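*Asks:* Everything below, folded, please.
(one chain, ligands or ions: 1)
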Amino acid sequence: MAAQEPVLSDPAVCIRKADWLIAWNGAEGHVYRRDGDVAWVGDRLVHVGGPYRGPVEREISGAGCLVMPGVINIHCHPSQTPLFRGFVEEFGNPRLFYSGRQRFRQSFLADGPAQRAAARYGLAEMLAAGTTSIVDLSHAYEGWLDLLAESGLRVWAAPMFRSARWWTDTGQEIKYDWTADLGDAAFAEAKTVMDEADRHPCRRLSSLVSPAQVDTCTSDLLVASAVFARETGRPLHTHAAQSYAEFNGMARRNTRTPIEWLHDLGFLGDTTVLGHAVFTDAHPWLHWPTRRDLRLLAETGTTVAHCPTVFARDGTLLHSLSAYLAAGVRIALGTDTHPQNLLEEMRMAETLARVADGPSHAIDTARLFHAATIEAARVLGRSDLGRLATGAKADLVVCDVARPEMRPVRDPLRSLVYGAADRAVRDVFVDGRPVVTNGVVQTIDWPQAAERLEAEQARIAADIAALDGIAPLALPLRS
Ligand SMILES: [Zn+2]
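*Replies:* This is a model prediction of the structure:
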């Protein structure tokens, strides 16, 4: 069913005279406006800018506020990563090198109740940080879609499927355990879940085709995924070029880089997202003689899901964000790991771009905000998301610029990204519906979700004898 078009004479919800707006100005991109109104009828914005003179059913004062579009998390795993809090943050821990980390991952198996607890926590965490749309990369679990709907978020459900399970003993080489049917049954199951997401009565769910990793899927499965995505009009995603071990293994298997391999299979394209394309042939650790990968990504219009925090924790860096952008590669932002805070991820992305490049201003806050809004919306096929513009979805965030962490408010976006982050997020609306009010998530009881997450983590941890040896506490526990 087509969305109901708002009638301008219908009464609107209106934020009056916001101190600051981040409005969409077409070719110019996002711009600041001062003392403007934002109004919406139902799920659509009907006014962004000067005084709104139409009928109003509810008025919200914009004094002390920044109103901006909600950010879009292009790559996250809410049903997994919250469970790992307190275990995996420190690569510097000598007992948590690759083998220990792998032993941890293999033993810390999340079952349905644990996945649901993690997701409930993770979805609330993203809402509280001003996120209005996400791509949820999960292995399907019971109750998944209903939980996504209940969260109030706009979600692309991406049920992951693959031909093989992977592990590594050393971090230098990846090993695989191939299934008998090479992923056919898992792909068929994922198709069913994708259809269910698209048909979900909440109408905020869509789906995305996601063979899990480039190296865990056969070429047949990757090709079939790409064909299916294009036939059904869905975006496409896989993890690729994530580690030097994966790069080298794929180079041995196919005599070309993972990016070249995906290009030759017809997987790349302007509706394709790659998490995370860090180890391209341009990465200095690889000493690879060619320099084709960035050009292939750019020429095909492929989007890279850039998630700097999870790589930084492993001592790994994109080389470099500004080089990707200069080559014309499209960049969107995701969190991948916890915390699922895209505002902090923007800060990390810009800071690490400078670390990689030296003192360069090729990257700036405007480009990162564009990545977190417009670029993500574009690859998801949605010109009505990621922007405050008449006719766009009423997915917006109200930040409190009067908070000390936001001041001085010379430049509210910089104050938000480099200072306050989620602490300034006051209200969040998705489809015009309040999902965070006065900093409190309305759709999920977050404190209760945190208690449940803690209990589920403790339940799984209790069954793993050597866990404290693998991931000891930051400080010794003494009586
Ligand atoms: Zn991921």
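*Asks:* What parts of the chain come near the ion?
*Replies:* Residues of the chain found near the ion (C-beta under 5 Å from the ion) are 275, 336. For the C-beta atoms, the positions are set from N, CA and C on the backbone; glycine is no exception.
*Asks:* Could I get the average pLDDT for stretch 211-227?
*Replies:* The average of the pLDDT scores along stretch 211-227 is 97.
*Asks:* let me fix that: stretch 337-356
*Replies:* Mean predicted confidence for stretch 337-356 is 95.
*Asks:* roughly how far apart are the spatially closest residue to residue 87 that is not a sequence neighbour and residue 461?
*Replies:* Ranked by C-beta to C-beta, 6 or more residues apart in numbering and with sequence neighbours excluded, the top spatial neighbour of residue 87 is residue 471, at 4.5 Å. With distances defined as C-beta to C-beta, to the nearest Å, the gap from residue 471 to residue 461 amounts to 9 Å.
*Asks:* doesn't residue 414 make contact with residue 66?
*Replies:* No - with contacts defined as C-beta atoms under 8 Å, residue 66 does not count as touching residue 414, sitting 11.3 Å away.
*Asks:* Who has more neighbours out of these two?
*Replies:* When residue 66 and residue 414 are compared for neighbours, residue 66 comes out ahead with 24 against 14, by other C-beta atoms under 10 Å.
*Asks:* Confirm that one sits in a strand?
*Replies:* Yes - remark: residue 66 belongs to a strand, assigned using DSSP: H, G, I helix; E, B strand; the rest coil.
*Asks:* Show me what it bridges to in the sheet.
*Replies:* In this structure, residue 66 bridges to residue 20, residue 399 when assessed by DSSP bridges.
*Asks:* check contacts around it.
*Replies:* Remark: with contacts taken as C-beta atoms under 8 Å, 6 or more residues apart in numbering, residue 66 is in contact with 18, 19, 20, 21, 22, 398, 399, 401, 412, 413, 416, 424.
*Asks:* Residue 417 now?
*Replies:* Taking C-beta under 8 Å, 6+ apart, we find residue 417 in contact with 343, 346, 347, 350, 365, 368, 369.
*Asks:* between the residues you listed, which is closest to residue 60?
*Replies:* Compare each of these with residue 60 using C-beta to C-beta and the shortest gap goes to residue 343, at 21.7 Å.
*Asks:* what's the neighbour count on that closest one?
*Replies:* The burial count for residue 343: 25, using other C-beta under 10 Å.
*Asks:* Beyond the helix or strand of the chain with the lowest mean pLDDT, next helix or strand please.
*Replies:* Per-element confidence for the chain was summarised using mean pLDDT, DSSP states H and E. The lowest value among helices and strands belongs to helix 98-107, with a mean of 67. Going down the chain from helix 98-107, the next helix or strand is helix 112-128, by DSSP states H and E.
*Asks:* by contact count, what packs against that following helix?
*Replies:* Other helices and strands packing on helix 112-128, by 3 or more C-beta pairs under 8 Å, 6 or more residues apart in numbering; DSSP states H and E, are strand 71-76, strand 131-138, helix 144-151, strand 425-430, strand 433-437, strand 440-441, helix 446-462.
*Asks:* closest to residue 305 out of those?
*Replies:* Across the helices and strands packed on helix 112-128 (criterion: C-beta to C-beta), the nearest stretch is strand 71-76, sitting at 3.8 Å.
*Asks:* For that closest one, list the C-alpha coordinates in PDB.
*Replies:* C-alpha atoms of strand 71-76 as PDB (Å, rounded to 0.1, in the frame of the first residue of the first chain):
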ATOM      1  CA  VAL A  71      21.500   9.100  11.500                       C
ATOM      2  CA  ILE A  72      21.600   5.800   9.700                       C
ATOM      3  CA  ASN A  73      23.700   2.900  10.900                       C
ATOM      4  CA  ILE A  74      24.600   1.000   7.800                       C
ATOM      5  CA  HIS A  75      26.200  -1.900   9.600                       C
ATOM      6  CA  CYS A  76      25.500  -3.300  13.000                       C
END
